[in-house]
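# Model the following, please.
(one chain, ligands or ions: 1)
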Amino acid sequence: MSKTIQWYPGHMAKAARILADDLKVVDVVVEVLDARLPRSSANPVLQELIDGRPSVIALNKFDLADLSVTEAWVRHFESQGRKAVMISAVDGKGIRQLIQKAKQAGAPAMDKLIKKGIRPRPVRLMIIGIPNVGKSSLINRVVRTASTKTGDKPGVTRGRQWIRVEGDVDLLDTPGILPPSLPDQKSALLLGICGAIKETLYESGEAVMELIRQLEVRYPGKFQQRYLKGRSPEYQSLEELLEQAALSQGLLGREGVAQTENMARMILADFRQGRLGPVSFEAPGEK
Ligand code: GDP
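Alright, predicted model coming up:
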């Protein structure tokens with residue numbers, strides 16, 4: 001049975017209040033999305049919060065996503081006049097390019113300051129996204145390559161610090177966190193599959209079925225290759241396919257009954273460990 005997705009306006013309001021304070025002192029927002037799910041890992045409320053401020057989209061975990069699909073997402077966002085870069089926060093790929101794009105995005109604001117006769121200062125960046133998209137990993141990665149911490153600045157909430165990334169770029173050391181937007185059950189399942197939301201928010205059995213369905217639609221043959229020794233039996237339902245996989249993997253209970261629950265757990269674990277190879281669940285242009 002489906003779990004009802006809970007939408008807590010209170011959570012959103014609280015997150016927005018906290019962010020609003022930091023945003024006052026930020027020139028450019030780096031919105032981190034999961035490259036496998038750029039739609040479901042976005043929270044549309046962010047655009048309202050940043051209120052016209054320049055932003056750059058970081059499609060993180062691109063190492064786990066289908067490269068051609070992530071490239072299509074970059075083109076898609078750019079066709080909308082938005083800046084986007086694919087990155088991998090764990091291995092550092094794309095981060096230099098991200099910083100360059102953020103700097104470009106902040107350039108008009110810096111020019112304005114100069115025209116007003118205000119002494120030029122570094123462009124100030126802040127990283128924002130829903131939980132688990134890799135915000136902290138990105139900050140840690142940047143810190144390792146950054147020159148110095150520059151200490152508190154007036155107007156920044158106490159405890160927050162700026163990291164001097166380059167001579168002319170500062171990054172707030174604490175990310176902004178937004179709750180996932182969860183517009184529908186499918187988004188919740190996709191976020192669940194990718195380990196981005198708590199297990200209380202989705203039903204793991206349904207998540208596995210969604211994972212198998214996604215693989216069948218987007219990567220035909222992948223499931224059979226891994227779990228059915230390359231055989232492609234006829235099947236009437238995804239449950240039947242799961243059962244076939246359990247039989248093929250020798251997951252048998254008493255009287256030879258297929259242990260589909262164990263099989264489901266194995267599939268989810270395999271996916272999360274990256275053993276199914278790169279997978280993208282959302283492509284631009286789809287509903
Ligand atoms: P946050 O909640 O947004 O700060 O997310 P974290 O930085 O804690 O990352 C969540 C998980 O995703 C951690 O297990 C990270 O190791 C992993 N992760 C973050 N970035 C990447 C990436 O680019 N590639 C891969 N494969 N894993 C990543």
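# now that we're looking at Asp111, how far away is Met12 from it?
34 Å (Cβ to Cβ, to the nearest Å). All C-beta spots, glycine's among them, are computed from the backbone N, C-alpha and C.
# Tell me which of these two has more neighbours.
Met12 (16 against 11; other Cβ atoms under 10 Å).
# Please name the residues that touch the more buried one.
Residues counted as contacts of Met12 (Cβ atoms under 8 Å, 6 or more residues apart in numbering) are Val45, Leu178, Pro179.
# and if we set it to 7 Å?
Applying Cβ atoms under 7 Å, 6 or more residues apart in numbering, we find Met12 in contact with Val45, Pro179.
# Check the average confidence over whichever strand or helix holds it, would you?
Under the criterion of DSSP states H and E, Met12 resides in helix 9-23. Averaged over helix 9-23, pLDDT sits at 85.
# repeat for stretch 32-49
Mean pLDDT, stretch 32-49: 95.
# And it, what's buried?
The neighbour-count check on stretch 32-49 (16 or more other Cβ atoms under 10 Å) flags 32-43, 45-46, 49 as buried.
# measure that stretch end to end?
Stretch 32-49 has its terminal residues 15 Å apart, counting by Cα to Cα, to the nearest Å.
# Please apply the same query to stretch 241-261.
13 Å.
# the domain parsing of this protein - what is it?
According to automatic domain parsing, the chain comprises the domains 9-173, 203-272.
# Select, out of the ones you listed, the one closest to the ligand.
domain 9-173 (3.0 Å; Cβ to the nearest ligand atom).
# next one: that closest one to chain centre, how far?
For domain 9-173, the separation from the chain centroid amounts to 13 Å (computed by Cα atoms, centre = their mean, to the nearest Å).
# And for stretch 253-270?
Worked out by Cα atoms, centre = their mean, stretch 253-270 lies 29 Å from the chain centre.
# Would you mind listing the buried residues in that stretch?
Ala258, Gln259, Thr260, Met263, Ala264, Met266, Ile267, Leu268.
# can you confirm Phe62 is in a helix?
No: assigned with DSSP: H, G, I helix; E, B strand; the rest coil, Phe62 falls outside any helix and is coil.
# quick one, what contacts it?
Phe62 neighbours (Cβ under 7 Å, 6+ apart): Ala35, Thr70, Met86, Ile87, Ser88.
# residues touching the fourth one, list them.
With contacts defined as Cβ under 7 Å, 6+ apart, the neighbours of Ile87 are Ala58, Leu59, Asn60, Phe62, Lys93, Gly94, Ile95, Leu98.
# cutoff 6 Å now
Residues near Ile87 by Cβ atoms under 6 Å, 6 or more residues apart in numbering: Ala58, Asn60, Gly94, Ile95, Leu98.
# which among the contacts of Phe62 are in contact with the ligand?
Ser88 (Cβ under 6 Å from any ligand atom).
# Secondary structure and distance to Met126 for the contacts of Phe62 - can I get that in CSV?
Converted to CSV, the contacts of Phe62 look like this (DSSP: H, G, I helix; E, B strand; the rest coil; distance: Cβ to Cβ, whole Å):
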residue, secondary structure, distance to Met126
Ala35, coil, 20
Thr70, helix, 23
Met86, strand, 20
Ile87, coil, 16
Ser88, strand, 20
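# I'd like the contacts of Phe62 laid out as JSON lines, including distance to Glu203.
Listed next are the contacts of Phe62 as JSON lines, based on distance: Cβ to Cβ, whole Å:
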{"residue": "Ala35", "distance to Glu203": "25"}
{"residue": "Thr70", "distance to Glu203": "28"}
{"residue": "Met86", "distance to Glu203": "31"}
{"residue": "Ile87", "distance to Glu203": "32"}
{"residue": "Ser88", "distance to Glu203": "30"}
